[in-house]
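Colleague: Based on what follows, work out the 3D shape:
(one chain, ligands or ions: 2)
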Amino acid sequence: MPTAPLLPDSTAPAPLPHPATLPLLDPHSYAGQSARQVRHLRMQLAVDFSQRTLAGTATWLLADAPADPTPAEKAELILDTRGLQIEGVRLGETADGPAAAYHLDPADPVLGQALRVQVPVGTTAVCIVYRTVPEAAALQWLSPAQTAGAHPFLFTQSQAILARTWLPCPDSPGIRFTYEATVEILGTERGQLLALMSAENPQATAPDGCYQFRMAQPVPAYLLALAVGRLDFAPLSGRTGIYAEPATLPQASYEFADLEQMVTTAEQLHSTYQWGRYDLLVLPESFPFGGMENPRLTFVTPTILAGDRSLTSLIAHELAHSWSGNLVTNATWNNFWLNEGFTVYFERRIMERLYGSSYADMLQVLGEADLRETIVELGKNSPATHLRLHLAGRDPDEGLNDIAYEKGCLLLLTLERLVGRPRLDAFIKEYFARFSFHSMDTDMFIAYLTEQLLDPEPGLAERLDLAAWIDGPGLPANAPVAHSARFDAVNAALAQLATGAAPADLQPTTTEWSSHEWVHFLQGLPATLTAADLGALDAAFHFTASGNAELLAAWFPLALRAGYAATDAALENFLRHVGRRKFLVPLYRALLTTPGGRARAQRIYKQARPNYHSVATGTIDALLK
Ligand code: BES
Ligand code: ZN
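Modeller: Ligands and ions are numbered 1, 2, ... in the order given. Now for the predicted structure:
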């Protein structure tokens, strides 16, 4: 990656650089320095379900020409595009302005095509007339049958570098802009569909299918989001609420009843919530992620509607991104851990405050188990296990993994143990205050941490050993190991089973277990269990019939390994409906390891594939080819 060292190598303490002075060096964006001019985006889009296209204009308002422009800043605006049909480029704010000279570079399969617009001195805006293609990677167009209702649905997923597949933009997390949009839904159903964005949102359907949006705080392109569907709104508090399909809304309102308390708790831990409203949008089942932190409107999978509020840490996670990620943003995807590591740490702090440390401890232990598994999968010496990544030349979607989340969180927990919570909290508060609405890279974070926390205390830097965490593989020697008292009871039950107890004998202790205890239980079962053993467990605890997706995702691989066929129908049903990649990939992998599994996986996939978003099919196509 073409990064230059941010700090001069000198013994004299250099003043800390500010992110605004950093060169824009993102290996996954063509925009480069030219994007410094960008201030505001004005979008005008028509949503056509019959053609599966978005069509309209994206107008980029530019800052005044810099006093002493470099040749690149003066001459060109370079935008990222991928698969867009560019119909024209105009100078000025409207589609009837003078034609601009522009050029599309040859296409790269991952990065797309640079759109180079000649920008004469004095240009204040560039208007691009364009349309998307039906297979645009960010967009998923759902037929009514793929929703919980009887209407079509559209949603976007822009992170990491898919915003460019639905609008021409400087698609780098290091570049921010404010935006406004006019969205018009076409077709006979227009009056029944609601459009939402990562912006100020309507709460009711407009009979004419026309919606206006405004995002007054600057955001990077990966946080641009749009969803259109038959959606209702239910307020939870003055500033929180839920959008969902009518059939899903009552269950969602129950599941997320603590939302306002979560926001209040996060504010107590951190600082005032900066984005005005915090709403959730519950998507159809094909949504490829658990959650996506689109500002003001988190997108979530319906697979966390477990009926018992057991999976709401995911909401705490997406909410936490309102600070880590959305206020202070990883400068490039190589610095992804700065988004996710802080967010996981903060997610668990929120859950601890709300539901007690015994609850948060379970999440931490499960997280550490996932991390150990990921390290084994990637190889304990693999550079993919470093916090700082080197993704130049690769699709970030393939290079981003669990390491950023759990190893990043463990780095902060290590720091917490070394300096104590009060000092770490004060540091984090100051970090967010100072760098809000800016991007951050690993070197700058290290410089800031060193100045604020490490240098003042002799020996601390050695005890922390940042180099081992940031640019070293696996788990550093000083990583703490979490303990969960609630899991002690689970471990005791597992020990009972191992010494020959019948599943039914465990029952008095298991009646109070949450799905976290059950997931830990399932993860702790020996690999030697037979189909008959699993049948006995299933008869006692009804795993196959569970409505909890996390529990099912832990159960199905055991059943596949042991050849316990009673789960087959439930597994196929799950794979046909759920589009969440985190569940799909391990399940298809587990299928592949069974006798005749490849043919079976391919048969199921053939049926299920039309229901998956491109980020899921991209991964699973490669797995099953
Ligand atoms: N921002 C991520 C999702 C993401 C990451 C999308 C990278 C595209 C590229 C989101 O905050 C997230 O981490 N979601 C997790 C849930 C979380 C509880 C770990 C998910 O989707 O599973
Ligand atoms: Zn996240």
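Colleague: Then Gly238 would be within a helix, right?
Modeller: No. Read with DSSP: H, G, I helix; E, B strand; the rest coil, Gly238 is coil and lies in no helix.
Colleague: could you measure it against ligand 2, distance?
Modeller: Shown here: Gly238 relative to ligand 2, a distance of 26 Å by C-beta to the ion, to the nearest Å. Every C-beta, even on glycine, is put in place using the N, C-alpha and C of the backbone.
Colleague: How much space separates that residue from Ala55?
Modeller: Going from Gly238 to Ala55 by C-beta to C-beta, to the nearest Å gives 37 Å.
Colleague: Those two - which one has more neighbours?
Modeller: Taking other C-beta atoms under 10 Å, Gly238 and Ala55 do not tie; Ala55 has more neighbours (18 against 8).
Colleague: Can you list phi and psi of the residue nearest to Glu430 when sequence neighbours are not counted for me?
Modeller: Among residues not flanking Glu430 along the chain, Gln452 sits closest, at 7.0 Å (C-beta to C-beta, 6 or more residues apart in numbering). For Gln452, the backbone dihedrals (degrees, to the nearest 10) come out as phi -80, psi -40.
Colleague: okay, now Gln452: neighbour count?
Modeller: 16.
Colleague: On the pLDDT front, check it for me.
Modeller: For Gln452, the pLDDT comes out at 97.
Colleague: Thr11 too?
Modeller: Predicted confidence (pLDDT) for Thr11: 47.
Colleague: do Leu22 as well
Modeller: 70.
Colleague: List the contacts of it.
Modeller: Leu6, Gly174, Ala331, Ser439, Asp441, Met444 (C-beta atoms under 8 Å, 6 or more residues apart in numbering).
Colleague: And those, which of them are buried?
Modeller: Buried residues within these, counting neighbours by 16 or more other C-beta atoms under 10 Å: Leu6, Gly174, Ala331, Ser439, Asp441, Met444.
Colleague: The third one contacts Ser439, doesn't it?
Modeller: Yes. Ala331 lies in contact with Ser439 (C-beta atoms under 8 Å); the separation is 4.0 Å.
Colleague: Just give the number of residues close to the residue in the stretch 101-250 of the chain positioned nearest to ligand 1.
Modeller: Here the stretch 101-250 of the chain gets closest to ligand 1 at one residue, Gln159, 3.8 Å apart by C-beta to the nearest ligand atom. Per other C-beta under 10 Å, the neighbour tally for Gln159 reads 27.
Colleague: List the residues that contact it.
Modeller: Tyr222, Leu223, Met292.
Colleague: And for Thr594?
Modeller: So Thr594 contacts Leu560, Arg561, Gly563, Arg600 (C-beta under 8 Å, 6+ apart).
Colleague: would you turn the contacts of Leu22 into CSV with pLDDT and secondary structure?
Modeller: Below are the contacts of Leu22 laid out as CSV (pLDDT from 0 to 100; DSSP: H, G, I helix; E, B strand; the rest coil):
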residue, pLDDT, secondary structure
Leu6, 45, coil
Gly174, 96, coil
Ala331, 97, coil
Ser439, 95, strand
Asp441, 96, coil
Met444, 96, helix
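Colleague: quick one: pLDDT of the residue nearest the centre of the chain?
Modeller: Geometric centre of the chain, nearest residue: Met292, 4.3 Å, by C-alpha atoms, centre = their mean. Listed pLDDT for Met292 reads 98.
Colleague: buried sites along stretch 573-593?
Modeller: 574-576, 578-584, 587-591.
Colleague: on that earlier part again, please identify every residue contacting each of Ala331 and Ser439.
Modeller: With C-beta under 8 Å, 6+ apart as the test, Ala331 and Ser439 both reach Pro19, Leu22, Pro173, Gly174.
Colleague: Pretty sure the last one sits against Leu24.
Modeller: Yes. Proximity of Gly174 to Leu24 meets the contact threshold set by C-beta under 8 Å, at 5.5 Å.
Colleague: Touching stretch 523-540 from outside, list them.
Modeller: Counting by C-beta under 8 Å, 6+ apart, 369, 490-491, 494, 497-498, 502-504, 506-507, 543-544, 554, 558-559, 561-567 sit against stretch 523-540.
Colleague: 7 Å instead, please
Modeller: Outside stretch 523-540, the residues that touch it by C-beta atoms under 7 Å, 6 or more residues apart in numbering are 369, 490-491, 494, 498, 502-504, 507, 543-544, 554, 558-559, 561-564, 566.
Colleague: Whichever of those residues end up buried, select them in PyMOL.
Modeller: In PyMOL, this line selects whichever of the contacts of stretch 523-540 come out buried by 16+ other C-beta under 10 Å:
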select buried, resi 369+490+494+503+543+544+554+558+559+561+562+564
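Colleague: List the ones among the contacts of stretch 523-540 that fall in helices.
Modeller: Ala369, Val490, Asn491, Leu494, Ala498, Gln507, Ala554, Leu558, Ala559, Arg561, Ala562 (DSSP state H).
Colleague: Pick the one among these closest to ligand 2.
Modeller: Ala369 (18.5 Å; C-beta to the ion).
Colleague: list the contacts for whatever residue of the stretch 401-550 of the chain ends up closest to ligand 1?
Modeller: Proximity of the stretch 401-550 of the chain to ligand 1 (C-beta to the nearest ligand atom) peaks at Tyr405, 5.8 Å away. Listed by C-beta under 7 Å, 6+ apart, the contact set of Tyr405 reads Glu340, Gly341, Val344.
Colleague: Determine whether any part of the helix or strand hosting it lies close to ligand 2.
Modeller: Taking DSSP states H and E as the criterion, Tyr405 maps to helix 403-419. No. Counting by C-beta under 5 Å from the ion, ligand 2 is not contacted by helix 403-419; separation bottoms out at 7.0 Å.
Colleague: Just after the worst-scoring helix or strand of the chain on mean pLDDT, pick out the following helix or strand.
Modeller: Every helix and strand of the chain was ranked by mean pLDDT, DSSP states H and E. The lowest is helix 71-75, at a mean of 59. Sequence-wise, the next helix or strand downstream of helix 71-75 (DSSP H and E) is strand 76-81.
Colleague: so what does that following strand touch, helix or strand wise?
Modeller: strand 113-118 (3 or more C-beta pairs under 7 Å, 6 or more residues apart in numbering; DSSP states H and E).
Colleague: Can you give the contact residues for the strand it packs on?
Modeller: Under C-beta under 7 Å, 6+ apart, the answer for strand 113-118 is 30, 75-82, 86, 89, 100-107, 126, 168.
Colleague: List the strands paired with it, with their directions.
Modeller: Using DSSP bridges, strand 113-118 pairs in its sheet with strand 76-81 (antiparallel), strand 102-104 (antiparallel).
Colleague: In it, which residues are buried?
Modeller: Gln113, Ala114, Leu115, Arg116, Val117.
Colleague: Hmm, Cys210 is touching Glu184, no?
Modeller: Yes. With contact defined as C-beta atoms under 7 Å, Cys210 and Glu184 form a contacting pair (5.0 Å).
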